[in-house]
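**Q** what's the 3D shape of this:
(one chain, ligands or ions: 1)
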Amino acid sequence: MTHVESAHLVELALRNATPTDADAEALLHVERCDRCRDELRMLTRVVAAARTAQLVDLPTAPPERVWQRISRDVSGPPNPPRPPASAPDPGRRVLLALLALAAAAGIAVAHRYLHERSELSQRGVVR
Ligand SMILES: [Zn+2]
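**A** The predicted structure follows:
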């Protein structure tokens, strides 16, 4: 059985694009496959959490150096980090939270890819 690719599951969870025939086919597979259904459910929860994230959802406000570090990483090395005069505005905080969640989702996808590749490698399909 060919599972739905993780990237496609992420697209299904985001539901940003108009559904295609490939999406319908993938959803048919998801209905019958526990593994893909679990992964889509998890990704859908991550997307829902990211879309409704508020700073108050954090147990404590992150230290100022966290925002400085994220700001520095996002803006790249040519720009020296700006000392924040105050905490970033709520829109920017949500954007940064989404970036962090996107990074986490990317890591999960990469982890699954490596896991699948390792399984295939053990079966001698891929080296
Ligand atoms: Zn599957």
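
**Q** quick one: average pLDDT of stretch 20-35?
**A** For stretch 20-35, mean pLDDT rounds to 96.

**Q** can you tell if it touches the ion?
**A** Yes - contact of stretch 20-35 with the ion (CB under 5 Å from the ion) involves 33, 35. Bear in mind the C-beta positions are built from the backbone N, C-alpha and C, glycine included.

**Q** just to check, residue 105 is in contact with residue 46?
**A** Yes - using CB atoms under 8 Å as the test, residue 105 is close enough to residue 46 to be in contact (6.0 Å).

**Q** would you mark the buried spots in the longest helix seen in the chain?
**A** As assigned by DSSP state H, the longest helix anywhere in the chain is helix 90-122. Neighbour-count burial for helix 90-122, counted by 16 or more other CB atoms under 10 Å, picks out 93-94, 96-97, 101, 105, 108-109, 112.

**Q** stretch 29-42 now?
**A** Those would be 30, 33, 36-37, 39-40, for stretch 29-42 by 16+ other CB under 10 Å.

**Q** same question, stretch 14-26
**A** 23, 26.

**Q** who touches it?
**A** Contacts with stretch 14-26, where a contact means CB atoms under 8 Å, 6 or more residues apart in numbering, come from 4, 8-9, 11-12, 47.

**Q** can you list the residues of the chain near the ion?
**A** Counting by CB under 5 Å from the ion, the chain sits next to the ion at 3, 33, 35-36.

**Q** mind pulling up the pLDDT for the residue nearest to the spatial centre of the chain?
**A** Nearest to the geometric centre of the chain sits residue 105, at 2.6 Å (CA atoms, centre = their mean). Here, the pLDDT recorded for residue 105 equals 73.
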